[in-house]
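*Asks:* quick one, structure for this:
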Amino acid sequence: MLFRLCGPWRPGMLGLRLRARLPAPPLWAAATVPALDPGGWYEMLASSAPVRAAEGALALAAAGLRGLLTLPLAAQQRRVLAKVENLQPEIKNIARRLNQEVAVCARQLGWSRKVTRLTYLKNMRRLVSELYVRDNCHPFKATVLVWIQLPMWIFMSVALRNLSTGAAHSDGFSVQEQLATGGVLWFPDLTASDSTWILPISVGVVNLLIVEVFALQRLGMSRFQVCVTYFVRAVSVLMVPIAATMPSSITFYWLCSSLMGLAQNLLLCSPRFRQLCRIPLTKSQSTTPYKDLFAAFYAKFISRK
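*Replies:* Next up is the predicted model:
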């Protein structure tokens, strides 16, 4: 029999179909942080060691550091998701056989429909867990990128806020004075918001591109994935007016980080780079990913007009 109460069964293990990964969390993921009373949670965050350490980095350098830290984690995430995807044929086969065995036991032991269903789900969870252990691809490993990237983004944003408002000083001089004249092009003052809205709109556009790259690569998304995709699109648009109220140093960092995220996503589509990162081949992997992305983008947004 398949499960313990009807006898041991070890044909393999099952992994439920993973939700497709959304592009690593874009820069809009953190909300605008208002100034609070002294001693509040924001002041504690602003004076914390990670934020103080981040104050020593510039926005562009911080984006580069983000790439060095997150690219290996992003590759590991793709590796885990690829292994899970390759398990799906085995998963479907085991699910079918388990369902048959549960039905046999249900008839023999006179189980109700509720008991039959609960028994099936309990054994499926056990088999899924064993399958993940066997192939070393537990889905939680795919979330490590989020737990590293999001705090780093928050700490850097708060650190840049401190520098731009004069809350951070170094050896008696304020970095704010340098930021006030350290900008380029249309935003020479990094302590002021971008009155042209070029930086905020660019942040929104890049984040939307990240979402669309994710959506165009996946066919037949579940209802939940579709809802999440629309939610992320809405947040990307909402981040435009939020970024417009931020100092240009923060908005510029958000833009650099978003561009880095977009570049990482596109790079991880490359078959050669995936092979270099030892990401397993999958059935859904294209040999011409960039050509397919362009064709899908053209069909969705251009040919309809």
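*Asks:* what's the helix or strand for the nearest residue in space to residue 268 that is not next to it in sequence?
*Replies:* Excluding the flanking residues, the one nearest residue 268 by C-beta to C-beta, 6 or more residues apart in numbering is residue 78, at 5.5 Å. Any C-beta I mention is one placed from the backbone N, CA and C, and that applies to glycine too. Per DSSP states H and E, residue 78 falls inside helix 59-86.
*Asks:* mind checking which helix or strand the residue of the chain positioned farthest from its centre is in?
*Replies:* In the chain, the residue that sits farthest from the middle, by C-alpha atoms, centre = their mean, is residue 108; the gap is 46.9 Å. Using DSSP H and E, the element containing residue 108 is helix 88-109.
*Asks:* in that helix, which residues are buried?
*Replies:* 88, 90, 91, 94, 95, 98, 101, 102, 105, 106 (16 or more other C-beta atoms under 10 Å).
*Asks:* looking at these, spot the one nearest residue 163.
*Replies:* Here the nearest of the buried residues of helix 88-109 to residue 163, counting by C-beta to C-beta, is residue 88; it sits at 48.1 Å.
*Asks:* count of neighbours near residue 154?
*Replies:* 18 (other C-beta atoms under 10 Å).
*Asks:* check the one 5 residues further on too.
*Replies:* Residue neighbour count, defined by other C-beta under 10 Å, stands at 26 for residue 159.
*Asks:* quick one: average pLDDT of the helix or strand harbouring it?
*Replies:* Assessed by DSSP H and E, residue 159 sits inside helix 144-165. The average pLDDT for helix 144-165 rounds to 82.
*Asks:* and residue 126, how far is that from residue 118?
*Replies:* Using C-beta to C-beta, to the nearest Å, we find residue 126 at a distance of 13 Å from residue 118.
*Asks:* related to what we said a few turns ago, pLDDT check: weakest of the buried residues of helix 88-109?
*Replies:* Looking at the buried residues of helix 88-109 by pLDDT, the weakest one is residue 88, with 88.
*Asks:* returning to what we had before: tabulate the buried residues of helix 88-109 (a markdown table), appending distance to residue 295.
*Replies:* Shown next, in a markdown table, are these (distance: C-beta to C-beta, whole Å):
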| residue | distance to residue 295 |
| --- | --- |
| 88 | 25 |
| 90 | 32 |
| 91 | 31 |
| 94 | 36 |
| 95 | 34 |
| 98 | 40 |
| 101 | 45 |
| 102 | 44 |
| 105 | 50 |
| 106 | 49 |
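*Asks:* closest to residue 159 among those residues?
*Replies:* residue 88 (42.8 Å).
*Asks:* quick check: the closest one vs residue 76, distance?
*Replies:* Using C-beta to C-beta, we find residue 88 at a distance of 20 Å from residue 76.
*Asks:* check residue 263 too.
*Replies:* Taking C-beta to C-beta, one finds residue 263 at 18 Å from residue 76.
*Asks:* from what I can see the residue nearest to residue 268 touches residue 277, true?
*Replies:* Yes: contact criterion C-beta atoms under 8 Å: residue 78 and residue 277 qualify, at 7.3 Å.
*Asks:* who's more crowded, the two?
*Replies:* More crowded of residue 78 and residue 277, by other C-beta under 10 Å: residue 78, with 22 against 17.
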